[in-house]
Every structure is written in structure tokens, then in C-alpha cells.
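K.L.:
3D, please:
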Amino acid sequence: MTLSARLAGVLPADRLLLDEDSLRGHRHDRSGWEPDGLPAAVVLPETTAEVQAVLRVATATRTPVVVRGAGTGLSGAATATNGEIVLSTARLTAITELSPADQLAVVQPGVVTADLDRAAAAHGLRYAPDPASVEISTVGGNIATNAGGLRCAKYGVTRDSVLGLEVVLADGRVVRTGRRTVKGVTGYDLTGLFVGSEGTLGVVTAATVRLRPAPEQTATIAAFFDTVDAAAAAVARLTIQPAIAELLDTASLDAIDRAQGTTFRERGEAFLLVQTDGHGAAAEAETVRTALVPRATSVEVTTDPAVAAELLAVRRLALPSLEKQGRVLIEDIAVPRSRLAEAVTAVAEIARRHRVTVATLAHAGDGNLHPIFVVDRAAEEVPEPVWAAAGEVFATALRLGGTLTGEHGVGVLKRRWLPDELTPETLALQHDVKALFDPDGILNPGKAL
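P.N.:
Below you'll find the predicted structure:
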């Protein structure tokens, strides 16, 4: 019996896509990585039982499975190649519970991140993780990569908001990890293990996530600088923990202005957006303003939510604006915040030396930089100077005490550099963990490790 016939035997007809357009439409993510060939099938389960059925077929036929949310991943982890099954979570979109009393929600993996945040807001709560793709990315994809976002400087990354999971293993068994309480140390932290595992250990079918009270006050500070180095150095001078601290360099501002018709570049070479929240938002904003004024060309403070929303939109438009200039290769290093200025300077120097185009965005509040390489869209492959520059960027991050990836994951783009950060013993242990959960190696093979 063929694979398609086996899948047709366990799924309703509308849950199985085999036409070429569907296969092509589900083989890429947002990373710019070009996979070989076409997947064998796309499945759209609507229940945990249907996910189990698909994985049992995959195990029986030794067919690789790639789990896909909204396809917004930036490391190639959700790309699919010849003969693989794409398991889409597009129809697993229910918020099955939202408890204001316990400040938690239970959601399926296909729920759009911003939709969960809006549902929480109706009860005076918020879902803290907010990647730049918040309006289109899904909770399941955020869990797969341990996504961060603008607010993670204060509220932590996705792992800090996931209390428990329902996961289907490669052989179709269902396991439930974690709990509904903030505290809990019974047994190993399997919830934390699954978060950030890029679909290589199991398929998340439900998540119990932590909600937090929405802040009563918010203040937003917009500052422009003569140089990106000055902006990065100013962040290190902050003595309070902002909710948001985002940095855009000259190339990013140029791209936004060209794509959106704005004039931000006229105001400075670099833009720093800082937000404080809570009862002390105004006082903290004044502390931030005082720290920035000596180094900035202009500093403005607002408590107007509409103005704040416009400024945050500018930050979220950076990547779409750069994508209009060409094919993008999006990197994701993190360094200690005290080394942020050194990292920004080094990235610019590496780009100049290799004669490649790089725009740098940064979650400056926690030292997470996104150097974005812009490549001619007509190029069939990423040019070698870009890969050479990327390798130097990664080496710089490690030299400064940082990491290869802060929130996008390893996927396929960074596997070659893993031994630079992880010792052979650590890598071997991680492969042992993978083999324990997925002995046949069918879950997202060739990704993450």
C-alpha cells in the first residue's frame, strides 16, 4: 500500500493534500532556505487522535515528518524536502480554556500568537511572548523555537510562559508534561526539553501557558543617535529593566523608509525604542530618558497608546521592508548586554570586509542581535562571501561570551557551526536524547542537531 493510500485510510479526505501546488506551498519557511524536491503529502489534522494516526503511519513506513505552523520560522526548521510528510497545525486553532483566576490558557498549537494575547486582554491579562511575527506566527511554532520577541527582556522567552504540554511522540503515544501551577519540580523538566526542540522530539498538540496581568501604565521612549555604536552603548547604561528595548541600524531605517514612505533615516543613523510598564512606568521612563540624553541626538517620551503602537509597528516592519530588497538570510546571535556595542561594531566591520549587505536589528534589552544579510533575489544559492561573513559573525558572538542563536533556533542554517559552541560530549548527549524520543529518526531529520 502506498503512503498516500495509508494516510487516506486514517484521515478524512479534506485533511490530506497531494496536489503539486499544495506540496510546493508547504515546503518553505521564511528563512530563505531552498529545500530540494517536494514533500510527499501535506496533512491537516484537527484532533490529537488524527495526529497520532499520522505518526503511526509515518513510523510504520519510516517516513520523515516535518511539523509546520504558519511557516514564519527563520532557520529552515520547517522546510520540507523529497518524500517527507508535512504535518500542518493550521486547523488546530482552538483556545480550549482561558482562566483569569489561574492566569493561564490551554491552547492548540495553531493558535496565532496575537489572537491569544487579544483573548487574554479581554480579561485584563496578556500573553507575554511577542515575536516580531506576532500577528501571523503560531503558539506551536513559538514553542518549537523557544521564540522571544520584543517583551522578552522583561518577561522572558516562550519557555518562561509554558507550564505544560500535550505531545504526540513519533510512535503515536501521547505524553503530558508539566502542570497548571507556576511552581513544580516533580520529575525532570520535560516541558522545558520540548520547548525549543524544533519538532525533533514530538508534536505538540496542546499547551498550557501562563498569562500575566496587563500593565496599568506604559511609557514609550523613542531616541535617535548619530551612530549605531552610540545607541548600543547607551543601552548598557540603563539601570532599570525595560519591558522593550529595540535597536535599528542605518540599513534597517533606510529599508523601512523606502518600503513604507517614512522619513526615520533623516532623524539619525540609529533608532532605539524603549518601553517601560507597570505602576512605575513614568518614573522608569524618566530614568531611561536621563540615561539616553547625553548620547542621543533626540529623545521623546510618550504615554499615548496610539503613538506607541505606531512606533512598535516601525520595528515590526523592519524585516518585511528588508525582504522587499532581496532574498534575506536572517541571523540570530546573542551576547551579554555589556558586549552589545562590541558586537554591533564587529558585525558592521565584517560586512564591510566581505562586501556584503547587512542590516542589524537588535532586542537590545537582552543582547539579542539579528544581522540580516540581503542577497540578490536572482542568485540560485547564497553567495560564498555571505556564508564566510556569517561564520565570522557567529565566531564573534562566541568570542564575546554569547551564543549562535538566541531565539530562531538552529534549523538547517546553523548546523555546521554547532561544534563551535557545543562540546563533543554535549552534542553526543543531545543525540542520545533525540534517539530516546525518536529512535527511527523520523521527526524533522537533519534539523537542530
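
K.L.:
make it CA atoms for all contacts and neighbour counts henceforth
P.N.:
Will do.

K.L.:
what residues are up against the nearest residue to residue 409 once chain neighbours are set aside?
P.N.:
In this structure, residue 409 finds its nearest non-sequential neighbour in residue 145, 5.3 Å apart by Cα to Cα, 6 or more residues apart in numbering. By Cα atoms under 8 Å, 6 or more residues apart in numbering, the residues touching residue 145 are 195-198, 407-409.

K.L.:
Look up the pLDDT of residue 145 for me, please.
P.N.:
With respect to pLDDT, residue 145 scores 96.

K.L.:
give me phi/psi at the most centrally placed residue in the chain?
P.N.:
In the chain, the residue lying closest to the centroid (Cα atoms, centre = their mean) is residue 147, at 3.7 Å. Phi and psi for residue 147, reported as degrees, to the nearest 10, are phi -60, psi 150.

K.L.:
wait, what's in contact with it?
P.N.:
Residue 147 sits next to 129, 131, 157-158, 196, 407-408 when contact means Cα under 8 Å, 6+ apart.

K.L.:
Surely residue 171 is in contact with residue 55?
P.N.:
Yes. The criterion here is Cα atoms under 8 Å, and residue 171 meets it with residue 55 at 6.1 Å.

K.L.:
Looking at those two, which is more packed in?
P.N.:
Counted by other Cα atoms under 10 Å, residue 171 and residue 55 do not tie: residue 55 has more neighbours, with 29 against 21.

K.L.:
And what about residue 389, helix, strand or coil?
P.N.:
Here residue 389 is recorded as helix under DSSP: H, G, I helix; E, B strand; the rest coil.

K.L.:
Now do the contacts for residue 318.
P.N.:
Each residue near residue 318 by Cα under 8 Å, 6+ apart is listed here: 252-253, 255-256.

K.L.:
quick one: the residue nearest to residue 409 and residue 157, what's the gap?
P.N.:
Relative to residue 157, residue 145 is positioned 10 Å away (Cα to Cα, to the nearest Å).

K.L.:
Could you check this protein and say which of its helices or strands has the lowest average pLDDT?
P.N.:
strand 327-330 (a mean of 86; mean pLDDT, DSSP states H and E).

K.L.:
Which strands and helices lie in contact with the helix or strand just after that one?
P.N.:
Downstream of strand 327-330, the next assigned helix or strand under DSSP states H and E is strand 333-334. When contacts are defined as 3 or more Cα pairs under 8 Å, 6 or more residues apart in numbering; DSSP states H and E, strand 333-334 packs onto strand 368-375, helix 384-399.

K.L.:
which residues sit against the helix or strand following the last one?
P.N.:
Following the chain from helix 384-399 toward its C-terminal end, the next helix or strand by DSSP H and E is helix 418-421. The contact list for helix 418-421, computed with Cα under 8 Å, 6+ apart, reads 395, 398, 403-404, 427, 449.

K.L.:
Apply 7 Å and report the result again.
P.N.:
Around helix 418-421, nothing counts as a contact under Cα atoms under 7 Å, 6 or more residues apart in numbering.

K.L.:
Restrict that helix to CA atoms and write it as PDB.
P.N.:
Listed next in PDB are the C-alpha coordinates belonging to helix 418-421 (Å, rounded to 0.1, in the frame of the first residue of the first chain):
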ATOM      1  CA  LEU A 418      27.100  23.700  16.300                       C
ATOM      2  CA  PRO A 419      30.500  22.200  17.200                       C
ATOM      3  CA  ASP A 420      31.900  25.700  17.700                       C
ATOM      4  CA  GLU A 421      29.500  26.200  20.700                       C
END
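
K.L.:
can you pull the buried residues of that helix?
P.N.:
For helix 418-421, burial by neighbour count (16 or more other Cα atoms under 10 Å) applies to 418, 421.

K.L.:
tell me what the following helix or strand past that helix is packed against?
P.N.:
Using DSSP H and E, the next helix or strand after helix 418-421 towards the C-terminus is helix 424-437. Here helix 424-437 touches no other helix or strand, going by 3 or more Cα pairs under 7 Å, 6 or more residues apart in numbering; DSSP states H and E.

K.L.:
Name the residues of helix 424-437 that come out as buried.
P.N.:
434, 437.

K.L.:
Quick one: mean pLDDT over that helix.
P.N.:
Rounded mean pLDDT across helix 424-437 is 97.

K.L.:
same question, stretch 14-22
P.N.:
Mean predicted confidence for stretch 14-22 is 96.

K.L.:
where do the strands sit along the stretch 101-250 of the chain?
P.N.:
Assigned by DSSP state E, counting those that start in this stretch, the stretch 101-250 of the chain shows strands spanning 104-107, 125-126, 162-168, 174-178, 203-210, 212-213, 218-225, 244-248.

K.L.:
Dump the ones you listed to CSV, plus mean neighbour count and distance to residue 388.
P.N.:
Shown next, in CSV, are the strands of the stretch 101-250 of the chain (neighbours: other Cα atoms under 10 Å; distance: least, Cα to Cα, whole Å):
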stretch, mean neighbour count, distance to residue 388
strand 104-107, 23, 41
strand 125-126, 21, 41
strand 162-168, 24, 37
strand 174-178, 17, 41
strand 203-210, 26, 35
strand 212-213, 17, 43
strand 218-225, 24, 30
strand 244-248, 26, 24
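
K.L.:
Nearest to residue 382 among those strands would be which one?
P.N.:
strand 244-248 (24.2 Å; Cα to Cα).

K.L.:
show me the contacts for residue 46.
P.N.:
91-92.

K.L.:
Quickly find the element holding it.
P.N.:
Assessed by DSSP H and E, residue 46 sits outside every helix and strand.

K.L.:
Next one: it relative to residue 14, how far apart?
P.N.:
According to Cα to Cα, residue 46 and residue 14 sit 11 Å apart.
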